[in-house]
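Asks: no sequence on this one, just coordinates:
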């Protein structure tokens with residue numbers, strides 16, 4: 001029988017964490033195991049967690065290891081067939097969500113990750129959900145479910161990332177291993193977006209460093225040159241637009257300092273994996289057969305996608321997280 005581990009990495013947000021646990025207990029199919037990684041909160045989170053979920057396992061980091069390494073630690077400890085990952089400020093919104101997610105994974109053994117539909121804001125939008133499921137190139141870190149056998153196959157997250165961008169890096173490894181990633185809108189998650197601990201310059205610095213590290217980790221030559229060029233251009237322009245000079249300088253110094261570690265871990269994608277990535281970026285891939293044998297994309301398709309991502313990056317909602325976020329479809 002399949003089992004589910006709920007994994008939450010948390011730091012300094014006991015109220016949000018307890019609310020997420022309470023909402024999870026309302027599921028018709030509750031998790032069989034709950035693991036909470038307390039990433040060196042100012043005050044231990046265990047009393048709050050155990051008051052809500054007495055059988056939960058709470059692991060406290062004695063130093064701030066970062067979101068990425070904390071999630072990796074939880075993935076290694078998980079005993080479930082599937083690992084449900086939620087942020088401490090994200091919650092399932094329908095009582096059958098977990099049941100439906102497990103049923104979807106059971107139907108497709110090659111499905112490694114399902115990424116739920118996420119609304120960001122203090123409450124759920126009332127607009128209808130008409131989206132259909134499709135295979136995608138990445139997933140949402142705040143709300144997803146993974147197959148534990150995939151984790152054992154490709155490993156956990158790349159811990160030096162510390163904070164942010166771990167989903168993109170992990171997705172490239174999943175695609176390279178032949179695992180499918182599914183956008184699954186049948187499950188809707190509310191990301192309440194707690195402001196505690198969110199600093200836009202910090203997010204920008206980590207995102208810049210980790211995005212460029214990911215390119216070095218996984219892209220083959222000569223594609224690596226194009227990816228580095230456009231990502232560097234995006235971050236340079238955002239540095240100027242947002243006057244994020246201190247964050248960019250930190251990101252650049254950290255990028256260079258960590259390059260030896262990144263180069264030792266470098267595993268370039270195969271041509272098939274790269275073709276699959278390009279197809280998922282620019283097309284709607286809804287069938288397993290098309291995922292396994294992806295259509296070739298034209299240069300103009302990739303340029304159109306780059307242009308879309310370029311301008312989307314300058315949406316202020318990407319970086320300006322210190323303000324109150326209005327409900328929107330993420």
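Replies: Structure's in. What do you need? Note that the coordinates shown come from a computational prediction; the quantities given were computed from them, not determined experimentally. Numbers count the residues shown, from 1 in each chain.

Asks: ok, residue 27 touching residue 100?
Replies: No. Using Cβ atoms under 8 Å, residue 27 makes no contact with residue 100, being 10.2 Å away. Just so you know, the C-beta spots here come from the backbone N, C-alpha and C atoms, and that holds for glycine as well.

Asks: neighbour-wise, which of those two wins?
Replies: residue 27 (18 against 15; other Cβ atoms under 10 Å).

Asks: For the more buried one, give me its contacts.
Replies: Counting by Cβ atoms under 8 Å, 6 or more residues apart in numbering, residue 27 touches 92, 95-99.

Asks: Can you tell me what sits against the one helix or strand residue 246 maps to?
Replies: Assessed by DSSP states H and E, residue 246 sits inside helix 245-265. Helix 245-265 has contacts (Cβ under 8 Å, 6+ apart) with 158, 160, 201-202, 204-206, 208-209, 212-213, 216-217, 235-236, 239.

Asks: Test my guess that residue 203 contacts residue 209.
Replies: No. If you go by Cβ under 8 Å, residue 203 and residue 209 don't touch, sitting 11.2 Å apart.

Asks: Counting neighbours, which of the contacts of helix 245-265 comes out on top?
Replies: residue 209 (29 neighbours).

Asks: just the buried members of the contacts of residue 27?
Replies: Among those, those that count as buried by neighbour count (16 or more other Cβ atoms under 10 Å) are 92, 97-99.

Asks: Next, please give the residue ranges for the helices of the stretch 51-200 of the chain.
Replies: 67-77, 97-106, 148-154, 166-176, 200-218 (DSSP state H, counting those that start in this stretch).

Asks: got the domain boundaries for this protein?
Replies: Per automatic domain parsing, the structural domains of the chain span 4-191, 200-325.

Asks: which residues of the chain score low on pLDDT?
Replies: Low-confidence segments of the chain, defined by pLDDT under 70: 126-129, 194-198, 299-330.

Asks: So which residue is dead centre in it?
Replies: With the centre of the chain defined as its mean C-alpha position, the nearest residue by Cα atoms, centre = their mean is residue 141, 2.3 Å away.

Asks: Kindly provide the distance from it to residue 118.
Replies: For residue 141, the distance to residue 118 equals 10 Å [Cβ to Cβ, to the nearest Å].

Asks: Equivalent analysis for residue 249, please.
Replies: 32 Å.

Asks: Tell me which of the two has more neighbours.
Replies: Per other Cβ under 10 Å, whichever of residue 249 and residue 118 has more neighbours is residue 118, with 21 against 12.

Asks: hey, what's the nearest residue to residue 114 once chain neighbours are set aside bridged with?
Replies: Among residues not flanking residue 114 along the chain, residue 184 sits closest, at 4.3 Å (Cβ to Cβ, 6 or more residues apart in numbering). For residue 184, the beta-bridge assignment (DSSP bridges) gives partners residue 116.

Asks: need the contact list for residue 184.
Replies: For residue 184, the contact set (Cβ under 8 Å, 6+ apart) comprises 101, 104, 114-117, 133.

Asks: filter these to the buried ones?
Replies: By 16+ other Cβ under 10 Å, these give 101, 104, 114-117 as buried.

Asks: biggest separation within these, which pair?
Replies: Maximum pairwise distance among the buried ones among the contacts of residue 184 (Cβ to Cβ): 13.0 Å, between 104 and 117.

Asks: any shared contact partners between the two?
Replies: Between them, residue 104 and residue 117 share these contacting residues under Cβ under 8 Å, 6+ apart: 184, 186.

Asks: okay, now the residue nearest to residue 42 when sequence neighbours are not counted: neighbour count?
Replies: Residue nearest to residue 42 in three dimensions, not counting chain neighbours: residue 12, with 5.7 Å by Cβ to Cβ, 6+ apart. Using other Cβ under 10 Å, the number of residues around residue 12 comes to 17.

Asks: So residue 12, which state does it fall into?
Replies: coil (DSSP: H, G, I helix; E, B strand; the rest coil).

Asks: Tell me the spacing between it and residue 38.
Replies: Residue 12 is 9 Å from residue 38, by Cβ to Cβ.

Asks: and what of residue 151?
Replies: 21 Å.

Asks: try residue 227
Replies: Distance from residue 227 to residue 38, counting by Cβ to Cβ: 36 Å.

Asks: Kindly report the same for residue 139.
Replies: From residue 139 to residue 38 the distance is 24 Å (Cβ to Cβ).

Asks: would you list every one of the strands in the protein?
Replies: 4-10, 33-38, 57-60, 82-86, 90-92, 111-120, 134-135, 143-147, 180-191, 328-329 (DSSP state E).
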